[in-house]
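kindly generate the corresponding structure for this input.
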Amino acid sequence: SQVPWVWISEIERNRTTISTYIPDHIITIDHKQKCVVLTILGTRVYPAPQPLDIIMDLVGTTEPFLGGEGHAGMVFGTRNLVLTAVPKVVSELEKHPGYSLLILGYSLGAGLAQLLTMELELGQTNNHLPSGTEITTIGYGSPPVFTSNTTIPILDNIFLVQNNND
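Next up, the predicted model:
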């Protein structure tokens with residue numbers, strides 16, 4: 001059976017600065033598993049490099065995030081996903097009561113998926129999703145994205161897959 005897509009970030013390709021750039025993502029609905037799926041892609045290098053993905057990866061500073069410090073480029077990307085993707089995810093969850101949210105990402109997308117999940121669970125957007133929405137996040141090859149001098153939140157719904165020394 002086909003999995004319908006409802007949004008793809010190519011529609012918003014007119015963003016040209018790191019502070020407004022929206023990382024590549026797609027929102028699909030998996031009716032069989034009863035979930036809305038937000039897939040956040042990694043650094044685009046094929047068929048043509050996406051310079052803002054590369055810049056987002058290489059921003060070597062931190063930015064305040066949820067009482068700690070987040071990878072600055074990915075914090076910017078997360079904030080832009082909150083503004084662009086989250087309202088579309090919320091709309092789909094409202095159309096499909098009882099559906100969960102699955103956030104998938106690899107590489108850059110895995111780092112963004114972690115920060116977005118933290119924001120949805122612990123940040124100012126924690127009341128945006130319909131009440132009772134379960135979130136599961138799976139990241140492949142995620143970079144380190146968050147640190148804190150106090151406590152680092154442990155969310156048991158974020159699963160990270162690393163390949164050996166990746």
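
gap between stretch 24-32 and the chain center?
Relative to the centre of its chain, stretch 24-32 is centred 13 Å away, using Cα atoms, centre = their mean, to the nearest Å.

how about the contacts made by the most centrally placed residue in the chain?
The residue lying closest to the centre of the chain (Cα atoms, centre = their mean) is Ala113, at 3.2 Å. For Ala113, the contacting residues are 38, 40, 103-105, 137-139, 142, 158, by Cβ atoms under 8 Å, 6 or more residues apart in numbering. (C-beta placed from N, C-alpha, C; glycine too.)

now do 7 Å
Each residue near Ala113 by Cβ atoms under 7 Å, 6 or more residues apart in numbering is listed here: 40, 103-105, 137, 139.

before we move on, what about Leu122?
Per Cβ under 7 Å, 6+ apart, neighbours of Leu122: 66, 153.

longest helix in this structure, please.
The residue-count maximum for a helix in the chain (DSSP state H) belongs to helix 72-95.

starting at the chain centroid, how far to that helix?
7 Å.

am I right that the residue nearest to the centre of the chain is in a strand?
No - Ala113: not assigned to a strand; according to DSSP: H, G, I helix; E, B strand; the rest coil it is helix.

ok, back up a step: for the longest helix of the chain, packing partners?
With contacts taken as 3 or more Cβ pairs under 7 Å, 6 or more residues apart in numbering; DSSP states H and E, helix 72-95 sits against strand 5-8, strand 25-30, strand 35-40, helix 51-58, strand 62-65, helix 108-122.
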